[in-house]
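Peer 1: Model the structure of this input:
(2 chains)
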Amino acid sequence: MLLQVRNLDVALAGQQVLRSLQFGMCEGELLGVLGPNGAGKSTVIKALAGDLRVAGDRVEFSGRPLASWSGRELARQRGVMPQRVDVNFPLTVEEVILLGRPPEPAARSRGIVRELMDLLDIAHLRERLVPRLSGGEQQRVQLARVLAQVWDTAGPVLLLLDECTSALDPAHQQQVFSLLKRLTLERGYGVMAVVHDLNLASRFADRLLLMHQGHCHNTGTPSEVLTEKALQEVYGLSARILMLEEGYPLVIPTDDRRVRSYTEPGNPSCRQAS
Amino acid sequence: MVRDGAGRLAPAPALILLLACGLAVSVLSMSSGAYPLSAEDILKGVVGRLDDDVARMVLYDVRLPRLLLGFLVGAVLAISGALLQGLFRNPLADPGLIGVSAGASLAAVAVIVLGTGWLEGWIELSGPWALPLAAFLGGSGTVFLAWRIARRAGETSVATLLLAGIAINAVAGAGTGLLTFYASDEELRSLTFWSMGSLGHADWDDLAIAAPWLLLTLAVAPLLARPMDAFLLGEQVVGHLGYNTDWTKRAAIVVAGLGVGAAVAVSGLIGFVGLVVPHLVRNLLGAGHRIVLPASALAGGALLVAADCLARVIVAPAELPIGLMMALIGGPFFLLLLLRVRAG
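Peer 2: Take a look at the predicted model:
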């Protein structure tokens, strides 16, 4: 077992955010974490990333309590991509990715950085300043930085990705998740990715963890978790589920709450324009 | 000069250029002043062959300690500014922000105004070091206080540190104001000069008090370069990259606090160096701390020595306070820079 979480409770400012959360992850598994806003998805990531303190041996990474790992060891085995990373200083793309590497000969890190820039389609941005890039480009740069941390690690690797494709266009979303999938298959990485796009999760995840109000509502394969009943209970969303030939379900929201018509009394100039 | 794709200068030539600038400015500073010395005199002085007694005294006991102190103070103000800007992830952060300058001012003004009354014992105890020592204790004391307030459950909150700094600044400012209110005319003059900053009293005694702390700051700050780089991506990322976040924060605060405390103690309040120099360096050389920290130190030292040189020459035989000089040069220069960036 790469990751074992038992009875994880987290309270933030007196508010219980996670309630006895329990799940496990194997090597080579892509776990998609789903759930409505405020369900506690980011809190799980933060607890596993060490941003929040977790009591005792509730979390085990590669068979050892998480707390017994040193920061330096973990930096090579566990990559974390927070939901937002704002860069206010004039760092170039290459410099940001290099931050993921430990002290080592420049030639070695440069090779890894170049490979990752090619894989994430940001090689042409190498010398550009990160604060001047678009949101999606910055997100790919951060992902490259996270991958750079673990790229040459022997042994178990865990990636904790909090909405790592939220600013990407559909083509790059597919590209990033294909890459992650390949890394789980070829290198045995464990990837835990918080995603909002149900169909993206359904297509790429081996297993899904559906969260609701701080606990695990259901976990299993995409076709087990993504049911009309579950979506209704957790999101309050009516949806049709189609089982595709490719072997994963497709979610089509059919929310019948009518969108209020704004054209009726509203602004006359708008009506004219349309 | 060599520029890369992001329009930056290559680090090695830039550092050599800065070092050359620093040397040139140093020679200029040694030679100019009320008693002019030629480059030949300085060269003779360096190898110990200067025969003129007056020239020797001017060189060894006036110009040299002043030059060294000016360079060290400028370097420390700039490197501390760079550290704190990284720590707060804000290019506008300044050593004054965490209360160093305000605390040091309060202590110094207290010594000036109350030196003949309540604080007589302190003056007797510390003799000629009364003022700088008090300022140093006041400055580092406030940083320590702000840091203690910001520490909760074993973690240092940068936001609380900033807010605590603002509150401490206000209280210390009020205390300084109150003392100013009670000061006599003569005391008022002396504290005005102190608050405008000056290297005019620099001697070997001052250097002996301040140099260990200044050198400590200059030696330790570059060791923090890697974790400080991680700080630019956010506090949490520092931990994800395997650095000890809290230890780094503590080290940066202590190093900057002690250094600036010592600088303020011997030279009064000198603004702008800590803000303008790292800003310029980042624009020219990039934001990586491995280059920003040493380059800021060199540039800050050279800039302060140059400003001191001007302050001595402009209204000779009198002297302008160097803090005033820095604000006079720094302010318009910074504005020009802003306008150019916006136009470009």
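Peer 1: Return, as residue ranges, the portions of the stretch 51-200 of chain B with sub-threshold pLDDT.
Peer 2: Residues of the stretch 51-200 of chain B that meet the criterion pLDDT under 70 lie in B:127-128, B:153-156.
Peer 1: Tell me which residue of it lies closest to chain A.
Peer 2: Closest contact between the stretch 51-200 of chain B and chain A, by CB to the nearest CB, is at B:Arg89 (5.9 Å). Quick note: C-beta positions are derived from backbone N, CA and C, even for glycine.
Peer 1: Kindly report the residues of the stretch 51-200 of chain A close to chain B.
Peer 2: Residues of the stretch 51-200 of chain A lying close to chain B (CB under 8 Å from any CB of the partner chain) are A:51, A:71-76, A:78-80, A:82, A:85-92, A:95-96, A:99-100, A:102-103, A:126-129, A:145, A:149.
Peer 1: Make a ChimeraX selection of the buried ones in these.
Peer 2: Applying 16 or more other CB atoms under 10 Å in any protein chain shown to these leaves a buried subset, and the ChimeraX line that selects it is:
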select /A:51,71,74,75,76,78,79,80,82,85,87,89,90,91,92,95,96,99,100,126,128,129,145,149
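Peer 1: so for stretch A:41-56, what's the average pLDDT?
Peer 2: If you average the pLDDT over stretch A:41-56, you get 87.
Peer 1: ok, for B:Ala78, nearest residue in space, not its chain neighbours?
Peer 2: Of all residues not flanking B:Ala78 in the chain, B:Gly300 sits nearest, at 2.5 Å (CB to CB, 6 or more residues apart in numbering or on different chains).
Peer 1: Can you give me the neighbour number for the one you found?
Peer 2: 30 (other CB atoms under 10 Å in any protein chain shown).
Peer 1: list the helices and strands the strand or helix carrying it packs on?
Peer 2: Assigned by DSSP states H and E, B:Gly300 belongs to helix B:289-314. Using 3 or more CB pairs under 8 Å, 6 or more residues apart in numbering or on different chains; DSSP states H and E as the contact test, the elements touching helix B:289-314 are helix B:11-31, helix B:64-88, helix B:225-231, helix B:273-285, helix B:322-343.
Peer 1: In CSV: those helices, plus mean neighbour count.
Peer 2: Listed next are these as CSV, based on neighbours: other CB atoms under 10 Å in any protein chain shown:
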stretch, mean neighbour count
helix B:11-31, 16
helix B:64-88, 27
helix B:225-231, 22
helix B:273-285, 23
helix B:322-343, 15
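Peer 1: Tell me which of the ones you listed approaches A:Leu208 most closely.
Peer 2: Checking the helices and strands packed on helix B:289-314 against A:Leu208 by CB to CB gives helix B:225-231 as the closest, at 32.4 Å.
Peer 1: After the closest one, which helix or strand is next?
Peer 2: Scanning forward in sequence from helix B:225-231 by DSSP H and E, the next helix or strand is helix B:235-240.
Peer 1: quick check, that following helix touching chain A?
Peer 2: Yes: residues of helix B:235-240 contacting chain A under CB under 8 Å from any CB: B:Gln236, B:Val237, B:Gly239, B:His240.
Peer 1: Specify which member of the residues you listed is nearest to B:Gly261.
Peer 2: Lowest distance from B:Gly261 to the residues of helix B:235-240 next to chain A (CB to CB) belongs to B:Gly239, with 29.0 Å.
Peer 1: For stretch B:29-38, which outside residues touch it?
Peer 2: Stretch B:29-38 has contacts (CB atoms under 8 Å, 6 or more residues apart in numbering or on different chains) with B:39, B:41-42, B:45, B:54-55, B:58-59, B:62-64, B:66-67, B:70, B:305-306, B:308-309, B:312-313, B:316-317.
Peer 1: list the buried ones in that stretch?
Peer 2: Here stretch B:29-38 shows B:Ser29, B:Met30, B:Ser31, B:Ser32, B:Gly33, B:Leu37 as buried, counting by 16+ other CB under 10 Å.
Peer 1: Lowest-confidence one in those?
Peer 2: Note: of the buried residues of stretch B:29-38, the lowest pLDDT belongs to B:Gly33, at 75.
Peer 1: SS state for that one?
Peer 2: coil (DSSP: H, G, I helix; E, B strand; the rest coil).
Peer 1: Tell me which stretches of the stretch 1-150 of chain A form helices.
Peer 2: Along the stretch 1-150 of chain A, the stretches classed as helices by DSSP state H, counting those that start in this stretch are A:41-49, A:71-77, A:93-98, A:106-119, A:135-150.
Peer 1: tell me what the fourth one is packed against?
Peer 2: Contact here means 3+ CB pairs under 8 Å, 6+ apart; on that basis helix A:106-119 packs against helix A:93-98, helix A:135-150.
Peer 1: just to revisit the earlier point, considering the buried residues of stretch B:29-38, which is situated nearest to A:Val157?
Peer 2: Nearest to A:Val157 among those, with distances taken as CB to CB, is B:Ser29, at 56.2 Å.
Peer 1: can I get the helices and strands packed on helix B:289-314 in a markdown table with distance to A:Ala167?
Peer 2: Putting the helices and strands packed on helix B:289-314 into a markdown table (distance: least, CB to CB, whole Å) gives the following:
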| stretch | distance to A:Ala167 |
| --- | --- |
| helix B:11-31 | 32 |
| helix B:64-88 | 26 |
| helix B:225-231 | 22 |
| helix B:273-285 | 26 |
| helix B:322-343 | 27 |
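Peer 1: Could you measure from the most centrally placed residue in chain B over to A:Met192?
Peer 2: When CA atoms, centre = their mean is applied to chain B, the residue found nearest the centroid is B:Leu77 (2.5 Å). Using CB to CB, to the nearest Å, one obtains 46 Å as the distance from B:Leu77 to A:Met192.
Peer 1: Skip the chain neighbours and tell me the closest residue to residue 165.
Peer 2: Looking at chain A here, since you left the chain open. Nearest non-adjacent residue to A:Thr165, counting by CB to CB, 6+ apart: A:Gln173, 4.5 Å away.
Peer 1: let's do chain B instead
Peer 2: Sequence neighbours aside, B:Ile98 is the residue nearest to B:Gly165 in space, at 4.1 Å (criterion: CB to CB, 6+ apart).
Peer 1: Great, nothing more from me.
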